[in-house]
Structure formats: structure tokens, C-alpha cells
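[1] kindly generate the corresponding structure for this input.
(one chain, ligands or ions: 1)
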Amino acid sequence: MAANISLLNVPSSSSVRAHKLQIPPFITSSSFSAIQNGGKCKFSSVLACASSNGRKPESVDTGVKKAEKILEQKRRAELSARIASGEFTVQQSGFPSVLRNGLSKLGISNEILDFLFKWAVDLDKDYPKIPEAKGKISAIRSEPFFIPLYELYLTYGGIFRLTFGPKSFLIVSDPSIAKHILKDNPKAYSKGILAEILEFVMGKGLIPADGELWRVRRRAIVPSLHQKYVSAMISLFGEATDRLCKKLDAASFDGQDVEMESLFSRLTLDIIGKAVFNYDFDSLTNDTGIVEAVYTVLREAEDRSVAPIPIWEIPIWKDISPHQKKVAAALKLINDTLDGLIAICKRMVDEEDPQFHVEYMNEQDPSILHFLLASGDDVSSKQLRDDLMTMLIAGHETSAAVLTWTFYLLSKEPIVMSKLQNEVDCVLGDRFPTIEDMKKLKYTTRVINESLRLYPQPPVLIRRSLEGDMLGKYPIERGEDIFISIWNLHRSPNLWDDSDKFIPDRWPIDGLNPNETNQNFCYLPFGGGPRKCLGDMFASFEAIVAVSMLVQRFNFQVALGAPPVGMTTGATIHTTEGLRMTVTRRTRPPIMPKLEKTMFEVDDESGKGSAPEGEPQLGPKSEVSSANS
Ligand code: HEM
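    Numbers count the residues shown, from 1 in each chain. So this is what the prediction gives:
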């Protein structure tokens, strides 16, 4: 997560979500308090209709596509007109942070620099100014926040300042600036608002943690996701997906439609529970107290992120509010469960006297928790719990969202679907996928690469500058809140041909697996630099296994009469009203095995699987826009 926080796909609440606020969980300022979501995304490329996936005659599909296009053009024209009319007004700002940077490097404290530079602002007139968009709250009402940011990006470019009343944010959509923040100078940035919001649930877990604590925890956790562990996870993914298939089988037999988003949320919860701390939520089968508790906490994180007043911080409130009491009870249940699992695992490790080595794995319990304890990880139970909770959230909602949007996209492109099914039939026939199949399921991987391009989870990354820095040609000062819009990077018409279209073939089938490095930071579904997602290979394989097994066995169509599939967001992108599909059993596929080349390789020193890096492949346009120019 998501910033893979999110939080937010609570199966029972998709209709509630539709009416939730549309700002990310990290924007808590009261200046945003008035932002309300009208409930439907107007971005027409995500409107689905029951006629997709070849269900109705071609002419209806074409008509719908035309209507969508017209709506999209109209919406864009309206926003452009508002920008032109001055609803967003360009202003100038900037700070002499080059000088400040130099003084900082000489060891002058930030307090002194802050004092000095209050008086020095006027000296800064020679520096270029970051374009500034002044926003009205109404401008981003009724849409997921990253959609208006996209429109503003088209107007203001790869870096601009967005000011709402007293609050201002830098919006970065330029690959070279994103690279600078994430990879070249990451020490100058913290997780900022994100850490503040997530504290109640993740504590000092790996996502919100900064500085030395983050370094120590990352060094301890990364080795646990070694190649052997990830390979062992393939059967876990397969077994969990098989349970989902059984559910779909029953629904298809009964002629019932299914809401796929909530099922994917349960699938990935079951997987991550086993993978991280060997706990079987079994949420695909049961609604136990602990599953409900997990969703209560996730929902609370979302609610807190958009609440106008942090009412939960009022000491007495949490004791008298029934809702806050429920949240506290849910958190306690999860924490107690995690403490219990840690205690059980500690006993197991004590009894087994493990011969610890780099690819250590307990066959009965291959979980990350077991690895950490066996490694002698010297950490408090509270820190361990925070890390486990962080991975639970990070690896749950992100993966669920990827599967949801992949099936949504597939439902709109029957040709892609049949090509995908063809590959799966050839590679798998009717058996479960194995680790060897991961490199053979090339088109499946491309489908997921492309889905991650169009629906990045999360759509923005959050940072706060810890010192003055240069972003492109612009100086910035300490304390700037920054959103790196992955959505904008992934959909930029300057960077991609047919940027809004779902074209898995844009990624050469025998090319390298695309990642931020070989795509020059135009494509960064797992972030980049030292804080890159550590579950990238885990998540990629999880998606490949789930997608391949599902399309191997079923055909999927958006259900007739299903509500349009709009977007809403916490940190990952959710649908507004779920993804209702009609699922039908496929006839047994023929078995035609073949295919050879490797798409994923083992990552060097970390021992963690990762996509290989290399020269840029076809994907983004070769021209990379830059705010430096
Ligand atoms: C498709 C699924 C996933 C996506 C799209 C995804 C995406 C991301 C992204 C973009 C980041 C960088 C955040 C930032 O720089 O602010 C991140 C970080 C992280 N992810 Fe993932 N993630 C996924 C699955 C997972 C899984 C399965 C796990 C755990 C097994 C995981 C654990 C983490 C952790 C712990 C971090 C924080 C790393 C750090 O700050 O050092 N993610 N993820």
C-alpha cells in the first residue's frame, strides 16, 4: 500500500463508500473539511455498463463508448473553462533554498536557518517560481481527488503548488523530480502527513516509520521475503484462489451474480494473514469477529483521514462515543490476536532450535513472523506488532484493488481476455500454477503491468521535505507537503501513447518486466528508491496466480443492470458501488504446455525477489518531460 495504506475496501460497505469524501487519507486539514463526494466519478473511462465484454451487440458497446467519450470531453472542457476563468489562479512563490541548502550542509541548524530565511525571502526573486494553482474546494468536489490533480497537471505541468486557504501542497508529476525525491535524495523527505494519520493503527510500522527506526526495521524485514519464501507462497496463493473459485462455482451454478471487489478483498486478506503471521482469517468462508475487527479498523482509518475535526483526539470522546469504543475494541482484539500469534510463534521457534540461514524457512509455518523470530530479530513485541499490522494493511487492500481493476478492464476488452485465456490454457491447462509458470505466463504479467499503470495503488505517494532542496529548477523549503501523483505519471499523454487505453501489448512480451528504473520513473507501481515496496514480487506473483486461475476456469462479464463502475478512493482506488459480475464456468481447456524466457529474476543482495532492471523498454514515450527544461 499503498502508502499502501488503505484501508478502505470494506466488503460490506461499498455503498457507504460511494458517499464518502474524496480526499486522500493524508489530507486532514480543516481546510479540506468541506470536500464532499457526490458519489460518482465523472471520469468516463471508468464508467462500465452491463453491455461490456461482448454481452450485447457490438453497436450498443460502440454507442456506449461514444457516449463515454463525449461525456469525458465535456467534463474536461468544463474544467478547462474553470481553470481559464481564474477559478484556479496562477500565482508565484519560491524560496532561496539553494543558499539555505549550502548553509545546512555546513552544519547550521534548521532553527537558525528558519529564522534567517524569514528575512531572506525577498532575496529569492531571481529564482524561478513554482506555478501555483489556487483551489476552491468546490473544484474537487464530487471526484476522487487525483482526477482534478490530473487536469491541473495538464495545465500547470510537472510540478505546481496547490493552495487551499492556508494549506499548500506541491503536486509532482514529473518523472525526473519523482526520481529525485524517491531515489536520489530520499533522506531529505519523510512520510509527513501519512505517518500522522496512520499512527493509531500502524504505530511505528515500516510504512509510516522514518529515519533510523525505518532503516533498522527494513533491514530486518526485507530478508524474510527471500526467493524460497516467495516460491512457497505460490501454493498458498493457489489454495486461496481455489477457495474463491469454489465460491464462484456455486454462484455460477445458482445463476447468481457476484460482487468481485469484496471477494478480492477477502481473498487477499486470507492470503496476507497466512503469509505474514500464519493466521487463517478464512474470510472467504466465515465472517468471524476478527475479520469484522480488521474491517472496522480499516474503515476508521479512512474516516479519520477525511474527518473535518479530529474528534477522536478529545480525551473523553473515546470513552463515551459508542463508535470509538467499537474501534478501540476492534484494535484490542487485533492486537491481542497478534500478541497471541507472536507468543505461539516464539514457543515454536524455541522448541525447534532453528539453524538459521539466509533462506531460512519453516515448512509448517513459512510466515514472515516466523522468519523474524528465528533470525533473532531483537525487537520489542510492540514494534513487531506494528510491523505485522503494517504488512497486513499494505499487502491486503493494494492487491485486492489490483485484482478488481484488472477484471474491470478485462471485462471491457474481450480480445485481451481471450488472448489471456489462450495463454493460460497453453501454460497451465487445468492444473494449478507453479513458480516455474510465473516466468511463462508472460501475457498475464503484461495484463497486470498495464492494469497497474492505469490504476496505480496508491494513486499518489506522500512526502514532506525535511530540509531545503531543489526540485527541478525550483528551490523548495523545509516542511513542504508533497504529493507525487503516480496517476498523472502513468496517464500522462506526454509520456505514453494512448495513455488512457488498456493495451497490455504496449509492453513487449519478451522484454524486461517494467519497473521504475527501466522506465525512467514514468512507471512506478511499487514506488522507487530505498522505500520501494518490499512486497513487489510477492504481490506480482499473487496477482498472476489469482488472475490465471480465475480466467482458466471462468468467463467474467459485468452483470446486466449492474451499477456503473465509478472510482472512489482512500489511498487505493475503490469502486463506488462494487464490481458486480456474472461468472460462468468455462469448458475444460485444452492442455498445450510450452514457453521459456524469464521475466522475473532474483534481486541481488537483498535476497528479495524483484523485477529485473535494465535499459528502458518500449512503454512510455522516449521523450521524458522535465521541469528542468
Ligand atoms: C499489488 C500490490 C502492491 C502494490 C501496488 C504496492 C505498492 C507499494 C508502493 C507504491 C509503495 C511505496 C510507498 C511510498 O513510497 O510511499 C509500497 C510500500 C510498501 N509495501 Fe507495497 N504494494 C503492494 C503489495 C505489498 C505487499 C503484498 C506487501 C507485504 C508483503 C507490501 C508491503 C509494503 C511495505 C512494508 C511498504 C513500505 C516500505 C518502506 O517504506 O520501506 N506491499 N507498496
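[2] what does the stretch 351-500 of the chain put close to the ligand?
    Residues of the stretch 351-500 of the chain lying close to the ligand (Cβ under 6 Å from any ligand atom) are 390-391, 394-395, 398-399, 402, 457, 461. All C-beta spots, glycine's among them, are computed from the backbone N, C-alpha and C.
[3] right, I mislabeled it, should have said the chain
    1-4, 206-207, 218, 390-391, 394-395, 398-399, 402, 457, 461, 525-527, 531, 533-535, 538-539.
[4] tell me which of those residues fall in strands.
    Using DSSP state E, Leu461 are the members of these that sit in strands.
[5] if we can go back for a sec, what subset of the residues of the stretch 351-500 of the chain next to the ligand is buried?
    Buried subset of these (neighbour count, 16 or more other Cβ atoms under 10 Å): 390-391, 394-395, 398-399, 402, 457, 461.
[6] residue boundaries of the strands in the stretch 401-550 of the chain?
    Assigned by DSSP state E, counting those that start in this stretch, the strands in the stretch 401-550 of the chain fall at 460-465, 469-471, 474-476, 481-485.
[7] could those be laid out in JSON lines, adding mean pLDDT?
    Shown next, in JSON lines, are the strands of the stretch 401-550 of the chain (pLDDT from 0 to 100):
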{"stretch": "strand 460-465", "mean pLDDT": "95"}
{"stretch": "strand 469-471", "mean pLDDT": "96"}
{"stretch": "strand 474-476", "mean pLDDT": "96"}
{"stretch": "strand 481-485", "mean pLDDT": "95"}
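[8] show me the shaky parts of the stretch 201-350 of the chain.
    Counting by pLDDT under 70, the ranges of the stretch 201-350 of the chain that qualify are 302, 305-308.
[9] need the distance between the two termini of stretch 170-185.
    This stretch, stretch 170-185, spans 17 Å end to end (Cα to Cα, to the nearest Å).
[10] begin at 82 from now on, thanks
    Okay, residue one is now 82; in that scheme the one you just asked about reads as stretch 251-266.
[11] tell me which of the strands of the stretch 482-631 of the chain sits nearest to Leu243.
    The closest of the strands of the stretch 482-631 of the chain to Leu243 is strand 562-566. By Cβ to Cβ, the value is 8.4 Å.
[12] how far is the closest one from where the chain is centred?
    Relative to its chain's centre, strand 562-566 lies at 14 Å (Cα atoms, centre = their mean, to the nearest Å).
[13] quick one: work out the angle between that strand and strand 541-546.
    On the basis of axes from the mean of the first three to the mean of the last three Cα atoms, to 10 degrees, strand 562-566 is oriented at 150 degrees to strand 541-546.
[14] okay, now the sheet partners of strand 562-566, with direction.
    strand 248-253 (parallel), strand 541-546 (antiparallel) (DSSP bridges).
[15] Leu329 and Thr665: what is the separation?
    Computed with Cβ to Cβ, to the nearest Å, the distance linking Leu329 and Thr665 is 9 Å.
[16] same check on Lys285?
    From Lys285 over to Thr665 (counting by Cβ to Cβ), the distance is 48 Å.
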